[in-house]
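In: My questions concern the predicted model and sequence given below.
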Amino acid sequence: MNWVGLATLIKREVGRFFSVYRQTVLPGLITSALYIAIFGYTLEQRISEIQGIPYTLFILPGLIMMNTLTNATANTSSSMLQMKLLQQLPDLLTAPLSGLEISLAYIIGGAVRGMVNGILVLLLGVLLIGMPVTDP
């Protein structure tokens, strides 16, 4: 396994989405804030509690997972599409990396973006709703 090549490709992927954070990080936060405002606060007037949990707290874990999975998938697919459109895919395929190493780098890059967005939505939930974070 080419660890240097793998680390370089992961660094490029993570650096790519951090360099355009206005397009990769902020939209997820805005979307989640709108979901909380529209669905959370509006529907909470009609649906007060579900199994003893306030409605906004009930939907927040789903919003976190939705944001995490959407961003993780979007990172990998947009990166591959961008490389194809810029005709950089042949350069990647001629690099001394196996298919497994290339796949791992893109998967890890997507997972990092998903986790960053998920943690930020969790912090948004703590700020907007006052979601308690407890250790079971």
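Out: Arrived safely.

In: So which bits of the helix or strand encompassing residue 28 are buried?
Out: Using DSSP states H and E, residue 28 sits in helix 26-35. Buried residues in helix 26-35, counting neighbours by 16 or more other Cβ atoms under 10 Å, are found at 27, 28, 32, 33, 35. Where C-beta positions appear, they are placed from N, C-alpha and C, glycine not excepted.

In: cool, and stretch 124-136?
Out: Per 16+ other Cβ under 10 Å, stretch 124-136 contains these buried residues: 124, 125, 128, 129, 131.

In: now swap in stretch 64-71 and tell me
Out: Here stretch 64-71 shows 64, 66, 67, 68, 71 as buried, counting by 16+ other Cβ under 10 Å.

In: Which helix or strand contains the last one?
Out: Here residue 71 is covered by helix 55-85, with elements defined by DSSP H and E.

In: For that helix, name the packing helices and strands.
Out: Packing partners of helix 55-85 (3 or more Cβ pairs under 8 Å, 6 or more residues apart in numbering; DSSP states H and E): helix 3-19, helix 21-24, helix 26-35, helix 42-44, helix 89-94, helix 99-128.

In: who touches the third one?
Out: If I follow you right, that is helix 26-35. 59, 63, 64, 67, 70, 71, 117, 120, 121, 124, 125, 128 (Cβ atoms under 8 Å, 6 or more residues apart in numbering).
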